[in-house]
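> Got a predicted structure plus its sequence, pasted below:
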Protein chains: 4
Amino acid sequence: MQNAPIRFDSDYLEGCLPEILDELQSTNLMQTPGYGEDEICAEARSLIREACAAPEAEVHFLVGGTQTNATVISAMLRPWQGVLCAESGHINVHETGAIEHGGHKVLALPSSDGKISAAQVKDALAGHSADPVREHMVQPGMVYISFPTEKGTLYSKQELTALSQVCRSFGVPLFLDGARLGYGLAAPDCDLTLPDIASLTDVFYIGGTKQGALFGEAVVFTRKDLCPNFRYAIKQNGGMLAKGRLLGLQFRELFRGGLYLRAAGGAIQKALRIREALERSGYDFLVRSGTNQQFPVMNSAQIEFLRRRFSFEDWEPLADGRTAVRFCTSWATTDSAVDELIASLGQAAGL
Amino acid sequence: MQNAPIRFDSDYLEGCLPEILDELQSTNLMQTPGYGEDEICAEARSLIREACAAPEAEVHFLVGGTQTNATVISAMLRPWQGVLCAESGHINVHETGAIEHGGHKVLALPSSDGKISAAQVKDALAGHSADPVREHMVQPGMVYISFPTEKGTLYSKQELTALSQVCRSFGVPLFLDGARLGYGLAAPDCDLTLPDIASLTDVFYIGGTKQGALFGEAVVFTRKDLCPNFRYAIKQNGGMLAKGRLLGLQFRELFRGGLYLRAAGGAIQKALRIREALERSGYDFLVRSGTNQQFPVMNSAQIEFLRRRFSFEDWEPLADGRTAVRFCTSWATTDSAVDELIASLGQAAGL
Amino acid sequence: MQNAPIRFDSDYLEGCLPEILDELQSTNLMQTPGYGEDEICAEARSLIREACAAPEAEVHFLVGGTQTNATVISAMLRPWQGVLCAESGHINVHETGAIEHGGHKVLALPSSDGKISAAQVKDALAGHSADPVREHMVQPGMVYISFPTEKGTLYSKQELTALSQVCRSFGVPLFLDGARLGYGLAAPDCDLTLPDIASLTDVFYIGGTKQGALFGEAVVFTRKDLCPNFRYAIKQNGGMLAKGRLLGLQFRELFRGGLYLRAAGGAIQKALRIREALERSGYDFLVRSGTNQQFPVMNSAQIEFLRRRFSFEDWEPLADGRTAVRFCTSWATTDSAVDELIASLGQAAGL
Amino acid sequence: MQNAPIRFDSDYLEGCLPEILDELQSTNLMQTPGYGEDEICAEARSLIREACAAPEAEVHFLVGGTQTNATVISAMLRPWQGVLCAESGHINVHETGAIEHGGHKVLALPSSDGKISAAQVKDALAGHSADPVREHMVQPGMVYISFPTEKGTLYSKQELTALSQVCRSFGVPLFLDGARLGYGLAAPDCDLTLPDIASLTDVFYIGGTKQGALFGEAVVFTRKDLCPNFRYAIKQNGGMLAKGRLLGLQFRELFRGGLYLRAAGGAIQKALRIREALERSGYDFLVRSGTNQQFPVMNSAQIEFLRRRFSFEDWEPLADGRTAVRFCTSWATTDSAVDELIASLGQAAGL
């Protein structure tokens, strides 16, 4: 297809890291029990616990992000509880109401950069407790954040620590959506490590789908007994893959020898090349991001010009008539694609 | 692992048909849009419509069976409706209440062989309509059957036609769970074809997970507009795979050149060899099955003997102290495994 | 309306005990806070705790039975849990799937007389725990019984004690639906008291609707902290009456000076007169009941004859062509209505 | 209770209109079938259809507002649909997530005065339809407004007509919460009639609880077949009162001879006396309201002074440190209570 665009629309456009394909090939005819109770999954769990420095953590594998968010949230909340989250949060906007389908309100907090602060969360939790008619309102029972956020921003160690402290002081679990976790951890301005995340949150997940796996998300309950019977919840929510070893296999590969962060690092490097080119050419940014997502602001002539060769997402129309767009890199982005994009960005700059 | 058992416990013990692995390899770095809106999925949908002789059918790909059942059922029912099904039906027993989690009662009908009859369904539907306090009861809004059933039995063309007529006369959709559809269609005593199923049901699915794919189920709404907005339902229920082309790719391969039925046929052949061996050795059967699942009855000495070398499922304890067990074959079962099993079944017979 | 039938179809045909009407009148213009936080409700709660000899009990008022069952059950279960109950149980048959609407499966146990035994419950709980694929099945998380049952039968103290012990040994709450509690406690063959029920169950409710109130059910959590935040659940399930004092007022009246049991006793006396008349005339019974519900078996000529003057419910068709019917008395049944019925039953006996 | 405050906190502080009490008395021992299938309910339905000039309307009686909102909304939406509403809407803020418990997202639109405009709704509906990733978002499937709003404001005939037109052009039902409908219709600046509301909305309800009944809301589906099987939904949601005639009786009384609007008019008159007194004394208002709810702004000294004798609600803290409070009148408010309040408001003005 000579005219196929070069795609920068998202980070799930290709298949998987070749190491994973090799493993699929070499284990294909091996017989294992189903539903994640095989040895490959066990090994993958061990590797993840080790990478998190969380020997007591409970690790579960699910297939996709929406499913994971819905399963974790409904498994941890009581029926009258809701989940605090940034108004731009994935669960609030882009999951077709999966959280509400499970019976829970998403309690959206205002946010310009995709993050919510410890102060906001504290106000919400304290405000609810103090309200004389609180029983007429949804009780905040969990805090959901994403890392990186929808807007490619990152919580600093200080910010995450403050959030963690507020949550713990109110006895409310902190859940971190890490669909793009590696792209956050590998960003140059990130001061958090995987063990930090495991020690500051109650539950989080390590995204596979967008980070080199065919699919799969690894949920980590960071301490024992935070959610007994979670396997029932996975099954009930349709997330228990019959051939569960496929999930184990992918995460074993990602966490054996550091492939997960290495592959994310490659994507970041390419994203930073694009960011530098955008800066050089004088584009504005919706938000400054050091992750694999870049959000430059363009006029319609620029967008039209670039669309002849590349595909990328319209992200947000701005008040001045311009549009913030999104370019994503991934583990699969090639240097030549980036070279071509950079050249075109330069040409478009003058339009 | 020298001592690993030879497994006959289920039909999802191995990876996938080599043709599928090859396709994964050759398409791996291709860039496609996500969520099933790619060309590979489009081709797979065409092939399935063709195989079903149902040019107006709407085809959707989901990841697993529980998810598919929950999504189809909740998308088609009104809140106060339930789904009629055999008491042994998968949705009634083995899905951790996923249907109820979506708000609907499973209305179980007695069944000794896993099937329900047109007469039973008619009684239930007519009985409900005639009940003066029907508004205090769940309204039957759908009929769910599986083909083959949990017990490896098959509806005949006559039986399915009768069910279809009852359902249509009451305006209630007929939903066929075909997680093992191919193993039914390839059974020697099956007088139904895929086009028959497409013309007699309203919605059904073609199982991939147990039939040579890594995972995946293809839902077929057999006529137009039976369930508008079903893609919203898939997304909400966590079944919309980001890299949707992986589903399309597998079903394209299965339905290109007849691989689906050919692979199922191989499994059936091996199951029939096992059945003949069991018959020769004088074992009783829980139920006579021509599919890939065989349910011989054994005493505990026989079971213990066979477990030294093979793994298989305890299915149902019988009143006389014996146990019905299950041996499953699949597309991946080897002749040598079957040879070994047959030899051992002969030895165990005398115990 | 000269031809209006004399109604024995149910125990919610009339308004309320005159004492309650008087209270409505005398408190009508009093101003109180809403939602059950008024002094009248507080007094009613005290009287109920006293009558139950359960000083730590938490008492809540809801409007109706289906609402109460749905609220209590969904407030106490985790999403993957279901509730064990007799297959004839109200929640399984006559609540339009309200429990499933809240996400939970009703796990029906066979029962011929409306009761379930400690042995049945133990088998179900132990069987689930021991099942190697239990995570694929709904986890039993509560036991629901009714007293009296749908069939007018009663648990003995020994039976209830055994049930209670099984539940407590498995850590599963025992919930008793007492929509007709008083009619059970006032029955001649009842050896249980209200304090017994409070000490043997975890949560139960005292029915008002069928026992002399206009409406209302009093939920009693028999110990502290069994269900924190239950008021949120009431509100969310639409059971928090704005003018909550109406509920308090009715229960205060019912539990001040023993009106509740006294009114029930009157109904029982009338039911027993009907039972004796039926026995004298040689009618068979579906089940022997000492409560306000009587279930004689009649042929169609008898039913037709009686329907000219009385209304009553067809309960269950029998295999021999006859029908079990139901006659209900209530606090409002008059002696003259009973006299007339008895006379007609005698006349019908010969048909 | 000499020191009991004079309450202006809400409009559900007292019992009911004396006419209703009289009816309760005179019908108390009458026998009727249950669940709203009695003649009294039938008469009430006729009277309401007549008052609405909507001869084809379907009328149902439920017990309370939250229940009614949850039942109507979940009965009319498909699982992936949500309901558009003002961010201050009752269903979004004060129903403990009852809508989400039923599986649906409340899609909140910004609103300063409690109203939403036709333009806002059109943007939301058109925006959703045009969105290329709309399947990842909740589909707006209904528009919810209240009349009067939470803030005592009213839609004009022109505004409601515009909303109605937008809804109809998109095929989305318009649902009007009329918990205080009469207080809106009786307001001096209201240019809408009950027949207008019936012709411009698809479904609405006439509040009884806050307007002189003990409890009860009358749902009106303004045309035939808008929601078949709604009685199943009522039962499933716990809103089907066993002694349904109590609801019919109250609405028959309210709609026989114009009592409903007459009683509302009395409350409005008293509210306007309070408004005038507030204006005379120079208080600011949060919002100008002609309904039974008045929202003056006060400083803490004024609030403290008034609280010695009256109870009323803190409504909203203002940026300048003052607080908007709410005074409610009702059908039961006495002239002498208003006189006393007015006197005190004058005294407090100088504080």
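Great, that's in hand. Worth saying up front: this structure is predicted, and the values here are computed from it rather than measured.
> Okay, and the residue of the stretch 251-351 of chain A found nearest chain B sits in which element?
Closest approach between the stretch 251-351 of chain A and chain B, counting by C-beta to the nearest C-beta: residue A:332, at 6.4 Å. In this view, the C-beta of every residue, glycine as well, is placed from N, C-alpha and C. Using DSSP states H and E, residue A:332 is not contained in any helix or strand.
> and the nearest residue to it once chain neighbours are set aside, which of the three is it?
Spatial nearest neighbour of residue A:332, chain neighbours left out: residue A:14 (4.0 Å); criterion: C-beta to C-beta, 6 or more residues apart in numbering or on different chains. Per DSSP: H, G, I helix; E, B strand; the rest coil, the local secondary structure of residue A:14 is coil.
> Residue A:218 too?
With three-state DSSP as the basis, residue A:218 sits in strand.
> Isn't it up against residue A:208?
Yes. Using C-beta atoms under 8 Å, residue A:218 is in contact with residue A:208, at 6.7 Å.
> List the buried residues for the helix or strand bottoming out on mean pLDDT in chain A?
Across the helices and strands of chain A, mean pLDDT, DSSP states H and E gives its lowest value to strand A:313-317, namely a mean of 93. If you call a residue buried by 16 or more other C-beta atoms under 10 Å in any protein chain shown, then strand A:313-317 has these buried ones: A:313, A:315, A:316.
> What pairs with that strand, parallel or antiparallel?
Counting by DSSP bridges, the strands paired with strand A:313-317 are strand A:323-328 (antiparallel).
> tell me the contacts of residue A:172?
By C-beta atoms under 8 Å, 6 or more residues apart in numbering or on different chains, the contact set of residue A:172 is A:125, A:140, A:141, A:142, A:143.
> Neighbour-wise, which one of the residues you listed leads?
residue A:143 (28 neighbours; other C-beta atoms under 10 Å in any protein chain shown).
> what phi and what psi does the backbone show at that residue?
Dihedral pair for residue A:143: phi -120, psi 130, per degrees, to the nearest 10.
> how close does it get to residue A:184?
18 Å (C-beta to C-beta, to the nearest Å).
> Most distant residue from the centre of chain A?
What lies farthest from the middle of chain A is residue A:132; by C-alpha atoms, centre = their mean that is 37.0 Å.
> In contact with residue A:83: list those residues for me.
Residue A:83 neighbours (C-beta under 8 Å, 6+ apart): A:73, A:77, A:91, A:99, A:104-107, A:140-144, A:175.
> I should have written residue A:142 there, sorry.
Residues counted as contacts of residue A:142 (C-beta under 8 Å, 6+ apart) are A:73, A:76, A:77, A:81, A:82, A:83, A:84, A:172, A:173, A:174, A:175.
> ok, the one helix or strand it maps to: who's next to it in the sheet?
Element membership for residue A:142 (DSSP H and E) is strand A:139-146. Its sheet considered, strand A:139-146 pairs with strand A:81-86 (parallel), strand A:174-177 (parallel) by DSSP bridges.
> how far does that strand sit from the chain's center?
Here strand A:139-146 is found 16 Å from its chain centre; the criterion is C-alpha atoms, centre = their mean, to the nearest Å.
> before we move on, what about stretch A:125-133?
31 Å.
> before we move on, what about stretch A:94-105?
In terms of C-alpha atoms, centre = their mean, the centre of stretch A:94-105 is found 18 Å from the chain centre.
> what residues does the stretch 151-300 of chain A put near chain B?
Residues of the stretch 151-300 of chain A lying close to chain B by C-beta under 8 Å from any C-beta of the partner chain are A:209-210, A:214-215, A:232, A:235-243, A:246.
> so how far is the first residue of stretch A:207-214 from its last?
One end of stretch A:207-214 sits 11 Å from the other (C-alpha to C-alpha, to the nearest Å).
> Sorry, slip of the keys, the one I care about is stretch A:283-291.
Here the two ends of stretch A:283-291 are set 17 Å apart, with distance taken as C-alpha to C-alpha.
> quick one: contacts of it?
Contacts with stretch A:283-291, where a contact means C-beta under 8 Å, 6+ apart, come from A:113-114, A:148, A:151-154, A:180, A:183-184, A:187-190, A:268, A:271-272, A:275, A:278, A:294-298, A:315-316, A:318, A:322, A:324, A:345, A:349.
> Going through those, which ones are buried?
Judged by 16+ other C-beta under 10 Å, buried ones among the contacts of stretch A:283-291: A:113-114, A:148, A:151-154, A:180, A:183-184, A:187, A:190, A:268, A:271-272, A:275, A:278, A:294-298, A:315-316, A:322, A:324, A:345.
> Would you map out the domains in chain A?
Taking automatic domain parsing as the criterion, chain A consists of the domains A:6-12+A:260-349, A:18-257.
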